[in-house]
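Participant: what would the 3D arrangement of this be:
(one chain, ligands or ions: 1)
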Amino acid sequence: MEGGTILYSRVVRIMSTIVNSMMALMVLLTAYTAMAAQNGHSHLHAHSKEHSKPELQLLNASARATRPGMSSSAAYMTIHNGTHEAVQIRSLSSPVARKTEFHTTEMNNGMMKMRRLDNFTIKPGDTLELKPGGYHVMLMGLNKPIAKNSEVPVTITFSNGDKKTVVAHATDEIKGQHMAH
Ligand SMILES: [Cu+2]
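Facilitator: Next up, the predicted model:
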């Protein structure tokens, strides 16, 4: 039995040596990773300063392709206010429509109704999602039908003087009913 005990204590000693060296290695690795992360961070910081100045962005725009008989349509997108000031949506335009407005959709006496919003404010840093059943760009009095896969430019003028144009991709796969006015 004594031999067994000696063997056991040797195994324990070897194991603890292994554990200790592994821990030392982990401490080293952690320190190294932390340093790398710090370097990476300062690099990223410099990078973003260089390339993404605070601005207004119109992203991921889509438009509803029309079916025969439709005289108006809607466009959806994400509007990001990357500036440090609140901005208002002043006016909209699109070459495909005679009149372009910013709308919201709301329940009114149990009915879904669309309403034009003038001078809608987007707070600094905020992201506004335009989507079916909510905020949308209303394209009224279409010059011609909006064909599937065609490109629909939408320009938004903001209160800070910025004028941004996004090209919305026309699709017939937008969920939700389009409502006529
Ligand atoms: Cu509308």
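Participant: and the chain, which residues reach the ion?
Facilitator: His103, Met114, Met138 (Cβ under 5 Å from the ion). Using the backbone N, CA and C atoms, a C-beta is placed for each residue, glycine as well.
Participant: how many residues are close by the first one?
Facilitator: Counted with other Cβ atoms under 10 Å, the burial measure for His103 works out to 22 neighbours.
Participant: beyond the one helix or strand in the chain whose mean pLDDT sits lowest, next helix or strand please.
Facilitator: The weakest-scoring helix or strand in the chain, judged by mean pLDDT, DSSP states H and E, is helix 2-51 (a mean of 55). Counting by DSSP states H and E, the next helix or strand C-terminal to helix 2-51 is strand 56-64.
Participant: quick check: mean pLDDT of that next one?
Facilitator: Across strand 56-64, pLDDT averages out at 97.
Participant: what packs against the strand ranked longest in the chain?
Facilitator: Identified as the longest strand of the chain according to DSSP state E is strand 97-108. Where contact means 3 or more Cβ pairs under 8 Å, 6 or more residues apart in numbering; DSSP states H and E, strand 97-108 is packed against strand 72-81, strand 87-93, strand 111-116, strand 136-142.
Participant: compare those and give me the one nearest Lys148.
Facilitator: Ranking these by proximity to Lys148 (Cβ to Cβ) places strand 72-81 first, at 11.8 Å.
Participant: now the angle from the closest one to strand 56-64?
Facilitator: Orientation note: strand 72-81 sits at an angle of 160 degrees relative to strand 56-64 (axes from the mean of the first three to the mean of the last three Cα atoms, to 10 degrees).
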